[in-house]
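J.: quick check, what structure comes out for this input:
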Amino acid sequence: MGKIDARKVMNGTFGTVRINGLEYGNIQKIESKINFEREDIQFSGSLGKDSKMIATTGSGSMSFKKVNSRNQLMNIASLVSGKDFKMTLILTLDDPDAEGRESFSIEAWTDDFDLFNFEIGSTVEENISFGFNPQSIIPLDSVVA
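T.: Below is the predicted model of the structure:
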């Protein structure tokens, strides 16, 4: 790959999150990952084990600076009506120094969220944990350097 120009390293300051079309400027951190469920495979005459992927799951979490009640209200409205809250997440990293932008669309659901929290002498952060089917991922943009 050769020497890498440090300016090309992606800066998280330029990350954005949209939930159902609304940009959340108060996002502080997001993580999403794909988990592989595997089953050990061993064949006759071999002491070595291999592995077969049998399923995948997606999970993630988001942290926000508290500026409004939007996170609670969107989840509570679904909860009260007996419906599962589903959300379309558009995750984007668009550093102007980088060789392009990276973004994904994910159809997700809420696993849990902070209803209420605070600590004296500190700014308030809220957290949402979510899950998704990895087959719902749509790559929108990718960085090819």
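J.: measure the residue lying closest to Lys29 once chain neighbours are set aside to Gln28 for me?
T.: Residue nearest to Lys29 in three dimensions, not counting chain neighbours: Ser63, with 4.4 Å by C-beta to C-beta, 6 or more residues apart in numbering. Glycine gets a C-beta too; all of them are placed from N, C-alpha and C. From Ser63 over to Gln28 the distance is 5 Å, taken as C-beta to C-beta, to the nearest Å.
J.: between these two, what contacts are shared?
T.: Here Ser63 and Gln28 share the contacting residues Glu125, scored by C-beta atoms under 8 Å, 6 or more residues apart in numbering.
J.: lowest average confidence, helix or strand, in this structure?
T.: helix 70-81 (a mean of 87; mean pLDDT, DSSP states H and E).
J.: so what does Ser59 have for phi and psi?
T.: With angles defined as degrees, to the nearest 10, Ser59 sits at phi -150, psi 160.
J.: is it bridged to anything, and to what?
T.: Here Ser59 sits in beta bridges with Lys33, Gly131, going by DSSP bridges.
J.: next: Ile90.
T.: Residues in a beta bridge with Ile90, per DSSP bridges, are Arg18, Ser105.
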